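Peer 1: A predicted structure for the sequence below; I have some questions about it.
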Amino acid sequence: MRLIGFDEIAGLVGQEICLSGWLTVDQAMIDAFAAATGDHQWIHVDVARATAEIGGTIAHGYLTLSLIPRLAESRWRLRGEGRRINYGLDRLRFVTPVPAGARVRLRQTLASVEPAGEGLRLGIDSVMELEGASRPAFVARNVLLVYPA
């Protein structure tokens, strides 16, 4: 876990701040996401049909996107952080489907730091790498609001 001070974060613009470990996106995770969101499209949950038609099931794009907090927060935090709010996404593109059983990891580069009231607005370029693939699962700039405790 890397702890970064509020006073030093601006000096890290342009630098990589996160390279997570690998995480397996298995069918159980895909099925749980489908149950939580109501997205039961066959390419995600019908193993027999997906195997016959496209070679196997694939994870929801939004499932892979939702892994950002899990993977990032295991690698870095702001020292003295009180709360972190997801402010939005810019330039999100789902580039490569993630097959069930594949492994992904998150790579993040700090793109910008701006004052936001008593806190900071961070622009973070996030790339979800797909093990063995030449292209990532997705690329996005996620925007966080972070406030001191």
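Peer 2: On my side now, so go ahead. Numbering: from 1, shown residues only.

Peer 1: for the longest helix seen in the chain, which positions count as buried?
Peer 2: Using DSSP state H, we find that the single longest helix of the chain is helix 27-37. Judged by neighbour count (16 or more other Cβ atoms under 10 Å), helix 27-37 contains these buried residues: Met29, Ile30, Asp31, Phe33, Ala34. From N, CA and C alone the C-beta is placed, and that goes for glycine too.

Peer 1: Can you tell me the closest non-neighbouring residue to the first one?
Peer 2: Closest residue to Met29 in three dimensions, ignoring its sequence neighbours and counting by Cβ to Cβ, 6 or more residues apart in numbering: Leu63, at 7.1 Å.

Peer 1: State whether Thr109 is indeed within a helix.
Peer 2: No - if the criterion is DSSP: H, G, I helix; E, B strand; the rest coil, then Thr109 is strand and not within a helix.

Peer 1: about what we covered before: redo the buried residues of helix 27-37 as a markdown table? Include distance to Asp90 and pLDDT.
Peer 2: Output for the buried residues of helix 27-37, formatted as a markdown table (distance: Cβ to Cβ, whole Å; pLDDT from 0 to 100):
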| residue | distance to Asp90 | pLDDT |
| --- | --- | --- |
| Met29 | 26 | 98 |
| Ile30 | 26 | 98 |
| Asp31 | 30 | 98 |
| Phe33 | 23 | 98 |
| Ala34 | 27 | 98 |
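
Peer 1: just to revisit the earlier point, tell me which helix or strand comes right after the helix or strand the residue nearest to Met29 falls within.
Peer 2: Remark: Leu63 resides in helix 61-66, with elements defined by DSSP states H and E. The helix or strand immediately downstream of helix 61-66 is helix 68-72, counting by DSSP H and E.

Peer 1: where's the nearest residue to Gly5 once chain neighbours are set aside relative to Gly117, distance?
Peer 2: Excluding the flanking residues, the one nearest Gly5 by Cβ to Cβ, 6+ apart is Arg79, at 5.0 Å. Applying Cβ to Cβ, to the nearest Å, one obtains 19 Å for the distance of Arg79 from Gly117.

Peer 1: Looking only at neighbour counts, state which of these two leads.
Peer 2: Arg79 (14 against 8; other Cβ atoms under 10 Å).

Peer 1: if I look at the more buried one, how far off is Arg105?
Peer 2: 24 Å.

Peer 1: for Ser20, same thing?
Peer 2: Using Cβ to Cβ, Ser20 is found at 5 Å from Arg105.
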